[in-house]
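Trainee: sequence? don't have it. structure:
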């Protein structure tokens, strides 16, 4: 059991190690951690903290992608939830209601997406595009176009506080990753989501409630986005409806893909996605630290995507099999390899 | 016929009704000045949306165009600053680069058998990164040729200015209409959007067509980048972030089916103008905030997507009666 | 001979789809190709049209050997095909579809007017006067079929293959299509007509060839054939006598069984006329009928795959909700569908997970089966049903068809259903597994389970059924019990025409 789970995330761990090594070569103190003011400080800690939004989004995105969907709206939902929390705080409603309202907003956004996908039957990429476009307007409506700043220490603690010397955002996303993994693997949810991702029709015929599960998956993604939005807002002590979470949905999808999860749905590993998020954040931070201009960042990401696409390509995989079989000169086993049907995500 | 063109008619009707409402409130909006500005301000969007229409008609999507526009602006600005090349030569170079870039993405999509969405996402990163690597600052463009283009316009009656880039946009739409609806390539695009397997059975060369489609989108993105650089007079790597989504929205509001295979290039023009109209109205009103643009566009998107879904169900449920048959 | 096929053989992993098949087609002839699913009809057609490469044998067109490598190559050689699912583009206009790839052009641009004129003229030749500027999708399937035929003839013009062209047409539309086909025959085309509607075969064809299990059974002139013999050829003896003898459980006096459930007036427009069904405890009911008769549709209504528009089902405790698979499962039903790949297995998941899926879905996500429990369940059924897999963790998509079928059976047996519906449980399965599944059915019913089995193999139905219901033209037309059940009685019930 354990070795198998480890083998699943091995490529991601190796990649992360390689990236860390490269950065350390150029920036030797990368791995140094010191204690100041009772908190751990150092580049690695910084990555854990800054990686929180991508990490959280990647958790929800993993579930959505496992169900053979995609959620383009998460960045926007971050902005909405941040705006909701900041507005509540500024209006003096207190921390509790602010957090609850923000989380409820995330769930509502997920419910909307899930409804469009599972009930109306719109393809996920189109359904979530609507909220992605309109949502930023909604966030601006809530903040009335201003950057809504606040100085509530309780909310700010979520973004810049520390517990046991570790930044709160890092704790939050690690906790979320562990909690969701446990929820998926200690209940039957993981299996059922994988089943509808692979073959929704067959799963429904076996009695799986595909519709409710799909809605739940989008709601989970909304909830993750809400927590990410809270952290982003708390970190800068202000809700920036324009820039909060901007293009983070793409990073989140990238993290899931780097995590080796197929865009065609099915088998998923949250640990691998979270490692994918860490890889992205390490590259981001590492490039800055190493003194390279940040413009290399995007090119590197593009190269990563292309490499992964080539590795995952169903068509190339089939060709490779054919080539190997023709080389070995044997027809091989009778078990027919079943290449996945090429199905566009759209 | 009715079923396919209905979204287009709805788009046109919405545009006309919206314009009428605007006119009722602000009579000044029905002037050649407003119309001229509408064309000029949305020229780059209209051009890139034509390319996007072709891509979406084929059942694909191109997320790279916003980055390609930004890259184009920077490319032009840097080359004009650092070399003595004439802008026309720079334009030709740029269009060659962006067209090749699009063709490469098309090739990847076909060879790897991966969703266009993720391949063009990589293209988006790549183009934006390339723009950053050229410069991270806003580079102003100073060239006599640019001044000449920027100040050339046709003064319409009523003092409206029909600018060169506005005209270029209209020409692009016309060219896109011919390409989509009057060529064999266009028919292949529609066929791919209708279903790859069937298209193959009917003799479409899927690989070649896919490469050409994305090459065309790359070309239009480059052209749009040229227009944008003329419009702003500078090149800035952070410009036009999110333009790909605005373009997709314009295509959908223009009545093109996001799943491909059905739509009109002309509708995209109306979609672009509708979005421009919403913005103009908000400027005229003065009290409304700019975010209403996004919300209204989101609502329009929803309306059109649901409308398309409904139409699809209707056409599947009810076929034309057999009466006409002999 | 216009087209002649000799000892054509095509093998797929695990099955020999075509085994030395001969086939001839003369110019000016309509030659019907008959057989149940899996008989090899579509494989033969795909070899002719270049979709598959044959393993052995030869195809001659007008005497010359041909080996088309793609459908377009076959088309250029002169072999055109029209499929059941119209393979034209509904989102293009009629004229665009007809002219696709050879549009008339003026100044480099497609000349829409000339294209429409061309299309109108072509369709006039088929007696069709429609607005060619409208989308193809606006027209009925019958008109789309004729347009597809017109395109195929215009492109190829020697051999026309019609693959189940009438499956979704009504009587008037079929007649219209037949007029077109007869016109083409008189123009000297050779036409291969694939259909499972016997009336149509008799009405249209000059000769008939029957395939079964990849082999040619017979080729005969249509007028020399009678209906009963033809059905016998199609549904003929496939099982070893021994297996039949072993499995056969019914004698002259069928026992009176307590009633498990009763369906009354279940029906859905376009699928199956309202029907009644009594199911006794421990009873095996066979549904016999030709492909497309409504046998699968009956099974689907009973499991809520499609909700019935009329009628109810009830048991001793009251009404049973059959509006969805979930409610049917809650009522103790199970369903092994005909199309295993798309409706049955969840290919990327393991054998263990596939077996546990339905049970887990019923328990709900909050009460997961432990891994140990799943492993035990999987091991148990792998042993009990003799599922050949290297281990329980292998993705089920990599198993052979028979073993996939057993995994689906295991999935339902794990639920211990009171009523199990099996749609073609032995399709595409080798003889050994075939016999095992029939034995299993007997074993299950002796434990009190009731089973409804849909099959196109009469011997199989006769061997296991206590009662056989015959379905024809989307209607339940006959019910046979005990000693009444025989190949002869079933074939006669299937063959009877409405007028009789």
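Mentor: Nice, thanks for sending it over. Since this is a predicted model, take the numbers as computed values, not measurements.
Trainee: excluding its backbone neighbours, what's nearest the closest residue to chain B within the stretch 351-500 of chain C?
Mentor: At 18.2 Å from chain B, residue C:397 is the closest residue in the stretch 351-500 of chain C, using CB to the nearest CB. Yep, even glycine has a C-beta here, placed from its N, CA and C like the rest. Among residues not flanking residue C:397 along the chain, residue C:347 sits closest, at 3.2 Å (CB to CB, 6 or more residues apart in numbering or on different chains).
Trainee: near chain B, which residues of the stretch 51-200 of chain A are found?
Mentor: By the rule CB under 8 Å from any CB of the partner chain, the part of the stretch 51-200 of chain A lying against chain B is A:70, A:120-123, A:125-127, A:129-141, A:144-145.
Trainee: just the buried ones from the residues you listed?
Mentor: Among these, those buried by neighbour count (16 or more other CB atoms under 10 Å in any protein chain shown) are A:70, A:122-123, A:125-127, A:129-141.
Trainee: that older thread, just to check, the residue of the stretch 351-500 of chain C closest to chain B is in contact with residue C:350?
Mentor: No: here residue C:397 does not reach residue C:350: they are 10.0 Å apart, not a contact under CB atoms under 8 Å.
Trainee: tell me, what residue is most central in the chain?
Mentor: I'll assume chain A. Chain A has residue A:58 as the residue nearest its centroid, 1.0 Å off, counting by CA atoms, centre = their mean.
Trainee: please go with chain B instead
Mentor: The residue lying closest to the centre of chain B (CA atoms, centre = their mean) is residue B:49, at 0.6 Å.
Trainee: helix or strand: which one has whichever residue of the stretch 201-326 of chain B sits closest to chain A?
Mentor: Nearest to chain A in the stretch 201-326 of chain B, going by CB to the nearest CB, is residue B:298, at a distance of 2.1 Å. Per DSSP states H and E, residue B:298 falls inside helix B:291-317.
Trainee: helices or strands up against that helix?
Mentor: Contact here means 3 or more CB pairs under 8 Å, 6 or more residues apart in numbering or on different chains; DSSP states H and E; on that basis helix B:291-317 packs against helix A:124-143, helix B:2-25, helix B:243-253, helix B:265-285.
Trainee: who are the packing partners of the next helix or strand after the first one?
Mentor: Put plainly, it is helix A:124-143. Using DSSP H and E, the helix or strand that follows helix A:124-143 in sequence is strand A:148-149. Strand A:148-149 makes packing contacts with helix A:74-90, strand A:238-239 when contacts are defined by 3+ CB pairs under 8 Å, 6+ apart.
Trainee: which residue, other than its chain neighbours, is closest to residue A:33?
Mentor: Among residues not flanking residue A:33 along the chain, residue A:42 sits closest, at 3.9 Å (CB to CB, 6+ apart).
Trainee: surely the one you found touches residue A:27?
Mentor: No: Residue A:42 is beyond contact range of residue A:27, at 11.6 Å (criterion: CB under 8 Å).
Trainee: helix or strand right after the helix or strand hosting residue B:56?
Mentor: Secondary structure assigned from DSSP H and E places residue B:56 in helix B:43-57. Downstream of helix B:43-57, the first helix or strand assigned by DSSP H and E is helix B:65-82.
Trainee: next, the contact list for residue C:151, please.
Mentor: The contact partners of residue C:151, by CB atoms under 8 Å, 6 or more residues apart in numbering or on different chains, come to C:80, C:88, C:97, C:98, C:100.
Trainee: change it to 6 Å
Mentor: residue C:98 (CB atoms under 6 Å, 6 or more residues apart in numbering or on different chains).
Trainee: does it lie in a helix or a strand, and which?
Mentor: In the assignment (DSSP H and E), residue C:151 maps to helix C:141-155.
Trainee: quick one: mean pLDDT for that helix?
Mentor: Helix C:141-155 shows a mean pLDDT of 89.
Trainee: what angle do helix C:141-155 and the following helix or strand past that helix make with each other?
Mentor: Next in sequence after helix C:141-155, counting helices and strands by DSSP H and E, comes strand C:159-163. Relative orientation of strand C:159-163 versus helix C:141-155 (axes from the mean of the first three to the mean of the last three CA atoms, to 10 degrees): 160 degrees.
Trainee: who touches strand C:159-163?
Mentor: Identification of contacts with strand C:159-163 by CB under 6 Å, 6+ apart yields C:3, C:45, C:79-84, C:152, C:189-194.
Trainee: by contact count, what packs against the helix or strand hosting residue A:48?
Mentor: Here residue A:48, judged by DSSP H and E, is contained in helix A:43-50. For helix A:43-50, the packing partners by 3 or more CB pairs under 6 Å, 6 or more residues apart in numbering or on different chains; DSSP states H and E come out as helix A:168-186, helix A:270-289.
Trainee: any idea how far residue C:151 is from residue C:196?
Mentor: According to CB to CB, to the nearest Å, residue C:196 and residue C:151 sit 25 Å apart.
Trainee: swap in residue C:363?
Mentor: Separation of residue C:363 from residue C:151 (CB to CB): 54 Å.
Trainee: quick one: least confident helix or strand in the chain?
Mentor: All of this is about chain A. Least confident element among the helices and strands of chain A, by mean pLDDT, DSSP states H and E: helix A:314-328 (a mean of 67).
Trainee: can you look at chain C instead?
Mentor: Every helix and strand of chain C was ranked by mean pLDDT, DSSP H and E. The lowest is helix C:241-247, at a mean of 50.
Trainee: closest residue of chain A to chain B?
Mentor: Closest point on chain A to chain B, by CB to the nearest CB, is residue A:134, at 2.1 Å.
Trainee: quick one: contacts for that residue?
Mentor: For residue A:134, the contacting residues are B:294, B:295, B:298, by CB under 6 Å, 6+ apart.
Trainee: nearest to residue A:271, of those residues?
Mentor: Proximity of these to residue A:271 (CB to CB) peaks at residue B:298, which lies at 35.1 Å.
Trainee: follow-up on the earlier one: which pair of the contacts of strand C:159-163 spans the longest distance?
Mentor: Maximum pairwise distance among the contacts of strand C:159-163 (CB to CB): 21.1 Å, between C:3 and C:84.
Trainee: compare the two (neighbour count), which wins?
Mentor: residue C:3 (24 against 16; other CB atoms under 10 Å in any protein chain shown).
Trainee: grab the nearest non-local neighbour of the more buried one.
Mentor: residue C:25 (4.2 Å).
Trainee: quick one: residue C:478 is in a strand?
Mentor: Yes: using DSSP: H, G, I helix; E, B strand; the rest coil, the secondary structure at residue C:478 is a strand.
Trainee: count of neighbours near it?
Mentor: 19.
Trainee: ok, it touching residue C:493?
Mentor: Yes: with contact defined as CB atoms under 6 Å, residue C:478 counts as touching residue C:493 (4.0 Å).
Trainee: so for these two, which residues contact both of them?
Mentor: Listed contacts common to residue C:478 and residue C:493 are residue C:470; contacts here mean CB under 6 Å, 6+ apart.
Trainee: who does the top helix by length along chain A touch, helix- and strand-wise?
Mentor: Longest helix in chain A, counting residues (DSSP state H): helix A:210-236. Here helix A:210-236 touches helix A:52-66, helix A:74-90, helix A:95-114, helix A:153-160, helix A:189-198, helix A:200-205, going by 3+ CB pairs under 6 Å, 6+ apart.
Trainee: can we see that at 8 Å?
Mentor: With contacts taken as 3+ CB pairs under 8 Å, 6+ apart, helix A:210-236 sits against helix A:52-66, helix A:74-90, helix A:95-114, helix A:153-160, helix A:168-186, helix A:189-198, helix A:200-205.
Trainee: got a markdown table for those, with mean pLDDT too?
Mentor: Output for the helices and strands packed on helix A:210-236, formatted as a markdown table (pLDDT from 0 to 100):
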| stretch | mean pLDDT |
| --- | --- |
| helix A:52-66 | 95 |
| helix A:74-90 | 93 |
| helix A:95-114 | 95 |
| helix A:153-160 | 84 |
| helix A:168-186 | 93 |
| helix A:189-198 | 94 |
| helix A:200-205 | 92 |
